[in-house]
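**Q** Model the structure of this input:
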Amino acid sequence: METLGRPMSIRTPQEVLEDHLAQVVEGTVERDLARNHAEDVRLLTAEAVLCGHDGVRQCERALRDRVPEVRFAIVTKRLDGECAFIEWTAEGRGVRVLDGVETFIIQDGLIRTRTVHYTVQLVRGAER
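**A** Here you go, the predicted model:
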């Protein structure tokens, strides 16, 4: 499989992270899984350790259920070798996230490990 004319396995961590973020903003989870996540990816959250593509689907579905019509903004992005860190905010129908944080281990052109943490807040005066 190739992306942007390059085999997936030789993409840099920055290329993988940028593609992942683009897919998240577009809401194309299946494309993101196929292009950017190892089949045996591990995803750690406060609630559980999720495994594989089904675990990522579960995490993405939970966020979109908690924050309907979600719109993201990346606040901070850092890369150091195979490690990446992002801070993000999000808004949706009647709710927001001000403290979204994710970390990534990216090896051989794929996300191998992720952590995800965020807190959903009701927007004062908004109805869900």
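**Q** looking at this protein, which helix or strand does the model trust least?
**A** Within the chain, confidence by mean pLDDT, DSSP states H and E is lowest for strand 2-3 among all helices and strands, at a mean of 52.
**Q** Count the neighbours of the residue lying closest to Arg11 once chain neighbours are set aside for me.
**A** Nearest residue to Arg11 in three dimensions, chain neighbours excluded: Gly109, at 4.3 Å (CB to CB, 6 or more residues apart in numbering). Placement of C-beta: from N, CA and C, glycine included. Neighbourhood size, Gly109 [other CB atoms under 10 Å]: 20.
**Q** Could you measure from Gly109 over to Gly52?
**A** 18 Å (CB to CB, to the nearest Å).
**Q** and if you look at Ala73?
**A** Applying CB to CB, the value for Ala73 to Gly52 is 29 Å.
**Q** swap in Gln23?
**A** Computed as CB to CB, the Gln23 to Gly52 distance reads 17 Å.
**Q** Among these two, which residue is more densely surrounded?
**A** Taking neighbours as other CB under 10 Å, Gln23 and Gly52 compare with Gln23 leading, 19 against 16.
**Q** what's the nearest residue to that one if we skip its chain neighbours?
**A** In this structure, Gln23 finds its nearest non-sequential neighbour in Asp32, 3.5 Å apart by CB to CB, 6+ apart.
**Q** my guess is the one you found contacts Val24, does it?
**A** Yes: with contact defined as CB atoms under 8 Å, Asp32 and Val24 form a contacting pair (6.6 Å).
**Q** can you give me the helices in this structure?
**A** Applying DSSP state H to the chain gives helices spanning 13-26, 29-36, 52-66.
**Q** Kindly reformat those helices as TSV containing distance to Asp99 and mean pLDDT.
**A** Putting the helices of the chain into TSV (distance: least, CB to CB, whole Å; pLDDT from 0 to 100) gives the following:
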stretch	distance to Asp99	mean pLDDT
helix 13-26	17	95
helix 29-36	22	97
helix 52-66	13	96
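**Q** possible to save these as CSV with distance to Gly81?
**A** Shown next, in CSV, are the helices of the chain (distance: least, CB to CB, whole Å):
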stretch, distance to Gly81
helix 13-26, 7
helix 29-36, 17
helix 52-66, 23
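**Q** That concludes my questions; thank you for your assistance.
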